[in-house]
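Novice: please find the sequence and the predicted model below.
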Amino acid sequence: MSRFPGVDFLEFDSLLTEEERLARDTVRRFVDDRICPIIEECFEEERFPIELVPEMAELDLFGATIGEYGLPGLSNVAYGLIMQELERGDSGLRSFVSVQSALVMYPIYTFGSAEQRDRWIPKLASGEAIGCFGLTEPDFGSNPGAMRTTARRDGDSWVLNGAKQWITSGTLADVAVVWARTDDGIRGFLVEKGTPGFTSRDQHGKLSLRASVTSELGFQDCRIPAANMLPKASGLKSPLMCLNQARYGISWGGLGAAMDCYHTALTYAGQRIQFGGEPIACHQLVQDKLVWMVSEITKGQLLALQIGRLKDEGRAKHFHISLGKRNNVWVARECAKLARELLGGNGIVNDYPVIRHMMNIESVYTYEGTHDMHNLIIGEAITGISSFNPPIKSEAKTDRPQPVETAS
Ligand SMILES: Cc1cc2nc3c(=O)[nH]c(=O)nc-3n(C[C@H](O)[C@H](O)[C@H](O)COP(=O)(O)OP(=O)(O)OC[C@H]3O[C@@H](n4cnc5c(N)ncnc54)[C@H](O)[C@@H]3O)c2cc1C
């Protein structure tokens, strides 16, 4: 069993505390021992390795930043390093832990009543219960504020109607955190598996994130107790706060996938012989690709670390997190592409992890705010002008400039 040595070109480790290194190295071993041997098979079979959930819970991977309910209350940097290692194993694995921690435990812990917290946090931490987060709808992804799912108060109940799509862990979940429109704006609800009127089914045919369950959720006159509304969540800001947690984790996760691609390509280039008996690593063009990868990974590490330190001090802004998610997932995407090139024909087979990362990263590039949504968030932060929804007046629409003719 070969151990992943990490990527540390600039003595990055010296910037970490002992606790942070320990958290990372523990998960690194878990990924080497338990994930790497089975992940290609899981990907091929379109299966999340659910049998490993108890071990992940044992390692305190769920809700690791929470400091109550016997959870370790790790720093955000330690949490990020855990996400990095998990995604080095597979983006689907990191997605599962991100959803459980950042999109289910975080909102219940932050917006939930004492009863909701006491009921769900211990079960979610131990892996006895699995959660999912339902925000995206078939017609509303980048613009969730326009959601159509509704919740109507009726006596001691809320009645939900609508549909959610692309929901990670949807059919596995014992509890879904569902966002719906009410007379009082967008609110969050806990919908339990088996509730009449609540259905879930898996989306198949994915060629990306195949070791992760992705589902559609349906609500047809789905009646839940009034006490299942998250009392402290109000407006779109609440689900966006959850997304901020998850996006932060992804900024580290992307680095994990990038590191695995770089490490695989570096090892391969040192062993693969072409022309004259020397390894391909001796060629300048090959070194150029490896140098690009290690440079961008190193810059990405410093970026993620600074955002994590700001987060630990309560000073990270949503646009800082957008900067991290946007940059580091792009770095992962580019590293996967370069590594695949360097492996030649071997770059397209599952004897190596590169093509799997390459396909996975396409999902990561799109979810939790597409790359371009983060462009717009950063653009708004630096200019003070929002360009999400350009103010084209309806009467002016007929006068809109016509596309320039480019065909000759
Ligand atoms: C594998 C997977 C798992 C997921 N898991 C979850 C989950 O657990 N829970 C959940 O709620 N959601 C989940 N999602 C949904 C994900 O967050 C959405 O797919 C994402 O937000 C993009 O929405 P969309 O697919 O509807 O694309 P659209 O919003 O339709 O965007 C299509 C394209 O248009 C661009 N675009 C849109 N608006 C603008 C604009 N104003 N300016 C410029 N460009 C624009 C986008 O950048 C994109 O390139 C998941 C998605 C995937 C693929």
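Specialist: Received it, and whenever you're ready, just let me know what you need. Residues are numbered from 1 along each chain as shown.
Novice: all contacts plus neighbour counts: C-alpha atoms, from now on.
Specialist: OK.
Novice: contact residues of this protein facing the ligand?
Specialist: Residues of the chain that fall close to the ligand, judged by CA under 6 Å from any ligand atom: 133-136, 140-142, 166-168, 209, 214, 363, 366-370, 372-373, 388-389.
Novice: among those, which lie within strands?
Specialist: 133-134, 166-168, 214 (DSSP state E).
Novice: let's have these in a markdown table, adding pLDDT and neighbour count.
Specialist: Below are those laid out as a markdown table (pLDDT from 0 to 100; neighbours: other CA atoms under 10 Å):
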| residue | pLDDT | neighbour count |
| --- | --- | --- |
| 133 | 98 | 28 |
| 134 | 98 | 26 |
| 166 | 98 | 21 |
| 167 | 98 | 24 |
| 168 | 98 | 26 |
| 214 | 98 | 22 |
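Novice: rewinding a little: now the buried members of the residues of the chain next to the ligand.
Specialist: Buried by 16 or more other CA atoms under 10 Å: 133-136, 141-142, 166-168, 209, 214, 363, 367-370, 373, out of the residues of the chain next to the ligand.
Novice: can you classify the residue located most distally from the centre of the chain as helix, strand or coil?
Specialist: Most distant from the centre of the chain: residue 276, at 44.3 Å, with distances by CA atoms, centre = their mean. At residue 276 the chain is in coil, as set by DSSP: H, G, I helix; E, B strand; the rest coil.
Novice: list the contacts of the closest residue to residue 175 other than its chain neighbours.
Specialist: Using CA to CA, 6 or more residues apart in numbering and skipping the chain neighbours, the partner closest in space to residue 175 is residue 192 (4.5 Å). If you count contacts by CA atoms under 8 Å, 6 or more residues apart in numbering, residue 192 has them with 174-176.
Novice: for those residues, which one is nearest the ligand?
Specialist: residue 176 (10.0 Å; CA to the nearest ligand atom).
Novice: now for the closest one, which secondary structure element holds it?
Specialist: Using DSSP states H and E, residue 176 maps to strand 175-182.
Novice: which other helices and strands does that strand contact?
Specialist: Packing partners of strand 175-182 (3 or more CA pairs under 8 Å, 6 or more residues apart in numbering; DSSP states H and E): strand 131-134, strand 150-154, strand 185-192.
Novice: give me the below-cutoff pLDDT ranges for this protein.
Specialist: Along the chain, segments meeting pLDDT under 70 span 1, 391-408.
Novice: what is the neighbour count of residue 282?
Specialist: By other CA atoms under 10 Å, 12 other residues sit near residue 282.
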